[in-house]
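In: just the structure for this:
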Amino acid sequence: MFDSLSTRIQNAFVALKGEVRLTESQVEDVLREIRLALLEADVNFNVVKAFIDRVRDRAMDQAVLRSLSPAQQVVKIVRDELLGLFAGTEGGLTKDAPKPRVVLLLGLQGAGKTTTSAKLGRWLKRQGKNPVMVSTDVRRPAAIQQLEIVGEQAGVKVYAPDTMDPVARATGALAEARARGYDTVIVDTAGRLHIDDDLMVELQAIKEAVQPSDLLYVADSMTGQDAIKSAGEFNRRVGVTGVVLTKLDGDARGGAALSVVSVVGVPIAFTGSGETIDDLELFHPDRIVSRMLGMGDVLSLIEKAEQALDQDEAEALEEKLRKNQFTLDDFRKQLKTIKRMGPLESVLGMIPGMGQLKQLAENKPDEKQLGRVEAIISSMTAAERRDESVLNGSRRKRIARGSGTSVEEVNRLVKQFGEMKRVLQMMGGMQAVQQSGKKVMPTAQQMQQLQQMRKGGGLPGGKKKKGGPWGLIKAR
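Out: All right, here's what the predicted structure looks like:
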């Protein structure tokens, strides 16, 4: 979502790089670009105006203009003020709540309340909680069945009484939680295509009956400022403690996320950035701002990796790497792990310094190439995956036909996998010596080999030659 906005803001700072002293006109040029970027991203006009005024007041200070690193000072000011748009709030549920905690999900029809209910249940399960869900949407066809299906996918119990009275369903779920030891009740409420009095009366009755500690407004971030207006109305009529922004992985412009706290006056609690049950994250304003400014988001990357990686598998892989037993089968498993972490562009955006790379069309990693590599490996026999040296010409032709690729692509994968194994073997040998207590440095020959592989594209970050630095996972 923030790709375009992030690129525009980062480009605005390019003119400041290398400047020993800044002038007021240079700062104004940067502020003009940032203002246009925010407005084009559909950020509320009043929010943009106040933001630019605050940045200008701080950036025009003579101490900043004459400092030894004026460009960095301006970037820091912009970062601080972007964080200020979120009013220093952190995501999540309210800190203190009676047990069982009741979470009411509010919002218009189609915003993703039912899916978010299951995602929230899954998130709570990962926190060691024991939630139960209930649907009070008795009008939308198959709404109750939909919650049961996504609840099963999330591994969360769904309370399903016979009554079709929304208030009775909610109170029944609360009684069930108290009787059976559930610590959280997630209530998926009804929505409409627009805000009407009947909906508000129903929501107010449910709120009065179950006394929720959390009222989360689920907003489709693709709707931009309309989502902010609706959230404000729900807050006025029912009361909202937090906002869940869904579809952050879409091509929306991101203005809703930067406007909601200032306009509605409630924090962003969670963000949804994918279609799987695990794609719900706590909202961390500092991480969002770091990504927007191209500084990466290492903490979110680590959290995604921890969710995708199995500890036993990781230890087994480490043992194989030490013993130089890494096979194409292991490589295929690692590709699947990467895919579980989410879209490749999203993962790249979390790595410091890689934000710009993913924007360049000629270097844009094509996620379909991951599938092609996986198809090539899957078209091999078990023996070929264990030992790629048995792959002769006829076997490679068979693999190319079976995977829908070319012999050249198969050759490239095999060649670069061999280079990767040599590097891993070299590093494993050095690590073994280091673990014995001896200090070791790579030999001149080893350094030369590493440099040759890097230049030839055998290692990520190497000088690009034909075939790309990642082999089949090549830059496009």
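In: surely Arg140 is within a helix?
Out: No - judged by DSSP: H, G, I helix; E, B strand; the rest coil, Arg140 forms no part of a helix; its state is coil.
In: surely it touches Gln109?
Out: Yes - with contact defined as C-beta atoms under 8 Å, Arg140 counts as touching Gln109 (7.0 Å). Every residue, glycine included, has its C-beta placed from N, CA and C.
In: could I get the pLDDT score of the residue of the chain most remote from its centre?
Out: Among the residues of the chain, the one whose C-alpha is farthest from the average of all C-alpha positions is Ser394, by C-alpha atoms, centre = their mean at 42.6 Å. In the predicted model, Ser394 carries a pLDDT score of 93.
In: which secondary structure element is home to it?
Out: Following DSSP states H and E, one finds Ser394 within helix 393-403.
In: could you dump that helix to PDB, C-alpha only?
Out: C-alpha atoms of helix 393-403 as PDB (Å, rounded to 0.1, in the frame of the first residue of the first chain):
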ATOM      1  CA  GLY A 393      21.500 -34.200 -20.600                       C
ATOM      2  CA  SER A 394      18.500 -36.500 -21.000                       C
ATOM      3  CA  ARG A 395      17.400 -36.100 -17.400                       C
ATOM      4  CA  ARG A 396      17.600 -32.400 -17.700                       C
ATOM      5  CA  LYS A 397      15.400 -32.400 -20.800                       C
ATOM      6  CA  ARG A 398      12.800 -34.600 -18.900                       C
ATOM      7  CA  ILE A 399      12.800 -32.200 -16.000                       C
ATOM      8  CA  ALA A 400      12.400 -29.200 -18.300                       C
ATOM      9  CA  ARG A 401       9.400 -30.800 -20.000                       C
ATOM     10  CA  GLY A 402       7.800 -31.800 -16.700                       C
ATOM     11  CA  SER A 403       8.200 -28.400 -15.100                       C
END
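In: not counting it itself, show me its contacts.
Out: Residues lying outside helix 393-403 but in contact with it, judged by C-beta atoms under 8 Å, 6 or more residues apart in numbering, are 372, 375-376, 378-380, 384, 391, 406-407, 409-411, 414.
In: tell me the contacts of Ser379?
Out: 398-399, 402-403.
In: in TSV, list those residues along with pLDDT and neighbour count.
Out: As requested, those are arranged in TSV below (pLDDT from 0 to 100; neighbours: other C-beta atoms under 10 Å):
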residue	pLDDT	neighbour count
Arg398	94	17
Ile399	93	24
Gly402	92	13
Ser403	91	21
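In: ranges for the helices of the stretch 51-200 of the chain?
Out: For the stretch 51-200 of the chain, applying DSSP state H, counting those that start in this stretch gives helices covering 62-65, 70-84, 113-126, 143-154, 166-180, 197-210.
In: deepest-packed of those, please.
Out: Among the helices of the stretch 51-200 of the chain, judged by mean count of other C-beta atoms under 10 Å, the one packed with the most neighbours on average is helix 113-126 (a mean of 23).
In: which secondary structure elements does that one contact?
Out: strand 101-106, strand 131-135, helix 143-154, strand 184-188, strand 214-220, strand 242-246, strand 268-272, strand 280-282 (3 or more C-beta pairs under 8 Å, 6 or more residues apart in numbering; DSSP states H and E).
In: how distant is the helix holding Ser394 from the center of its chain?
Out: Using C-alpha atoms, centre = their mean, to the nearest Å, the mean C-alpha position of helix 393-403 is found 37 Å from that of the whole chain.
In: how about stretch 378-386?
Out: Between the centre of stretch 378-386 and the centre of its host chain there is 33 Å, according to C-alpha atoms, centre = their mean.
In: export it as CSV, just CAs?
Out: Presented in CSV, the C-alpha positions along stretch 378-386 are these (Å, rounded to 0.1, in the frame of the first residue of the first chain):
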residue,chain,number,x,y,z
SER,A,378,9.6,-31.0,-7.9
SER,A,379,10.0,-32.5,-11.4
MET,A,380,13.2,-34.3,-10.3
THR,A,381,13.2,-37.8,-8.8
ALA,A,382,14.0,-38.2,-5.1
ALA,A,383,17.5,-39.5,-6.1
GLU,A,384,18.1,-36.5,-8.3
ARG,A,385,17.1,-34.1,-5.5
ARG,A,386,19.5,-35.8,-3.1
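In: list the buried ones in it?
Out: Judged by neighbour count using 16 or more other C-beta atoms under 10 Å, the buried positions of stretch 378-386 are 379-380, 384-385.
In: the contacts of helix 393-403, buried ones only, as a ChimeraX selection?
Out: Applying 16+ other C-beta under 10 Å to these, the buried members can be selected in ChimeraX as follows:
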select :372,375,376,379,380,384,391,409,410,414
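In: quickly list the domain ranges of the protein.
Out: The chain is divided into the following domains under automatic domain parsing: 3-84, 101-295, 300-456.
In: need the winner for burial among the ones you listed.
Out: Note that of the domains of the chain, domain 101-295 is the most buried (mean count of other C-beta under 10 Å), with a mean of 20.
In: show me how far that one is from its chain's centre.
Out: For domain 101-295, the separation from the chain centroid amounts to 19 Å (computed by C-alpha atoms, centre = their mean).
In: that one - what's its average pLDDT?
Out: Looking at domain 101-295 alone, the average pLDDT works out to 87.
In: circling back to that earlier point, dump the helices of the stretch 51-200 of the chain to CSV, plus distance to Lys49.
Out: Supplementary listing: the helices of the stretch 51-200 of the chain in CSV, determined by distance: least, C-beta to C-beta, whole Å:
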stretch, distance to Lys49
helix 62-65, 21
helix 70-84, 13
helix 113-126, 32
helix 143-154, 41
helix 166-180, 42
helix 197-210, 32
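In: to Leu216, which of those helices lies closest?
Out: For the helices of the stretch 51-200 of the chain, proximity to Leu216 was assessed by C-beta to C-beta; helix 113-126 is nearest, at 8.0 Å.
In: tell me the angle that closest one makes with strand 268-272.
Out: Orientation of helix 113-126 against strand 268-272 (axes from the mean of the first three to the mean of the last three C-alpha atoms, to 10 degrees) gives an angle of 100 degrees.
In: check contacts around the nearest residue to Thr184 once chain neighbours are set aside.
Out: When the adjacent residues along the chain are set aside, Thr184 lies closest to Pro131, with 4.0 Å between them (C-beta to C-beta, 6 or more residues apart in numbering). The contact partners of Pro131, taken as C-beta under 8 Å, 6+ apart, are 120-121, 124-125, 156-157, 182-186.
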